[in-house]
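Student: predicted model and sequence below, questions to follow.
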Amino acid sequence: MELVKEGEDDTNHEGRDDEVASVGRTSSKGDVSSPSSSDSESDEEAAEEVQIGALRQQLEENPLNYEAHVQAYRHGDLWKDVAGNPRGRCPLARFGQVAGSENFEEIEKLYERGVHEYLFVPLWCDYLEFVQEHDPLVLECAPGGLSKMRTLFERALTACGLHFSEGSNIWEAYREFEQAVFLTIDGSDNEVEEKVKQAQRIRALFHRQLSVPLVNLRSTLTDYKLWEAEQGNLNDVNSEFDGVPSNIVSVYQKSLEMGNARASYEAQLSNHDATEVDRLQHFVSNNGHGH
């Protein structure tokens, strides 16, 4: 409304003909729009500064304020400014570092809320790490703690275990947990059976992971063979499949083939030199093969 009004004022000057009045209206609108746009941008910047200050204060007063973290995250660069986290990170990533074990149950609830709202592998990794480091029952390797941790790892695998580029992080964390438990079993006469059972848990995890098309699957196979050698099951390091059960070799080869196709597919989609048409054709082609 103001732009039109100012333009109309220019036409009221005496001595101007219609043509000049028309030019005056155009000129007036052009002159006014620039400062108006500038004022609007200034208002937005001022409002953002106020919001930054408010969010920063909320997080300083209560570092466990979930909503404040989410609001900061949704503003992209504002998240980096307020929370000190790179853009693209989930609001609760590394949230467990905010406080220690005295806030364990509260932080655990926040992580639970986070993994329900975000499908984000690093968040799951942080959650798993936090529970391992702060849950008293897990630290003591108590039966209840071990059961809880395994249930949490299985949930993480269900949510993210098939993620092509990052899913292996969940699998490796799971194996490392079980291997740490293995080391706590001394192998005395009354624990021999338990140690054998624990070794089988680790072996089963290797076998499960080798059946999933993920990046670095060859490295997983190498790690598996080395682990078996540590258990006294010697194998020829120069032979790729020596000591590996035939059924595992079969599913591994299929997974490797699928993984290689997936890697090629994702590389094409992420190729910055490819046109949108090229990427669409590549997608349709691969989707067609899927049928």
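Tutor: Perfect, I can see it now.
Student: elements contacting the host helix or strand of Gln198?
Tutor: Here Gln198, judged by DSSP states H and E, is contained in helix 192-210. The helices and strands touching helix 192-210, judged by 3 or more Cβ pairs under 8 Å, 6 or more residues apart in numbering; DSSP states H and E, are helix 167-184, helix 217-230, helix 246-269. Glycine gets a C-beta too; all of them are placed from N, C-alpha and C.
Student: quick one, the last one and helix 192-210 angle?
Tutor: What that stands for is helix 246-269. Counting by axes from the mean of the first three to the mean of the last three Cα atoms, to 10 degrees, helix 246-269 points 40 degrees away from the direction of helix 192-210.
Student: cool, and the first one?
Tutor: For helix 167-184 against helix 192-210, the angle between stretch directions is 170 degrees (the same axes, to 10 degrees).
Student: what does the shortest one give?
Tutor: Angle between the axes of helix 217-230 and helix 192-210 is 160 degrees (criterion: the same axes, to 10 degrees).
Student: in helix 217-230, what counts as buried?
Tutor: By 16 or more other Cβ atoms under 10 Å, the buried positions in helix 217-230 come out as Leu217, Thr220, Leu221, Tyr224, Lys225, Trp227, Glu228.
Student: ok, stretch 201-212 next?
Tutor: Within stretch 201-212, judged by 16+ other Cβ under 10 Å, the buried ones are Ile202, Arg203, Leu205, Phe206, His207, Arg208, Gln209, Leu210, Ser211, Val212.
Student: contacting residues for Met258?
Tutor: Residues counted as contacts of Met258 (Cβ atoms under 8 Å, 6 or more residues apart in numbering) are Pro213.
Student: dump the helices and strands packed on helix 192-210 to JSON lines, plus distance to Cys160 and mean pLDDT.
Tutor: JSON lines is the format used below for those (distance: least, Cβ to Cβ, whole Å; pLDDT from 0 to 100):
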{"stretch": "helix 167-184", "distance to Cys160": "5", "mean pLDDT": "97"}
{"stretch": "helix 217-230", "distance to Cys160": "16", "mean pLDDT": "95"}
{"stretch": "helix 246-269", "distance to Cys160": "16", "mean pLDDT": "89"}
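Student: now the ones you listed in a markdown table, with distance to Leu123?
Tutor: Conversion of the helices and strands packed on helix 192-210 to a markdown table gives the following (distance: least, Cβ to Cβ, whole Å):
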| stretch | distance to Leu123 |
| --- | --- |
| helix 167-184 | 11 |
| helix 217-230 | 23 |
| helix 246-269 | 21 |
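Student: deepest-packed of those, please.
Tutor: helix 167-184 (a mean of 18; mean count of other Cβ atoms under 10 Å).
Student: other SSEs contacting that one?
Tutor: The elements that helix 167-184 packs onto, with contact taken as 3+ Cβ pairs under 8 Å, 6+ apart, are helix 121-134, helix 143-160, helix 192-210.
Student: for Met141, grab phi and psi.
Tutor: Quick fix: residue 141 is Cys, not Met. phi 60, psi 30 (degrees, to the nearest 10).
Student: what's the closest non-adjacent residue to it?
Tutor: Thr184 (5.4 Å; Cβ to Cβ, 6 or more residues apart in numbering).
Student: that neighbour and Leu139 touch, don't they?
Tutor: No: judged on Cβ atoms under 8 Å, Thr184 makes no contact with Leu139 at a distance of 11.1 Å.
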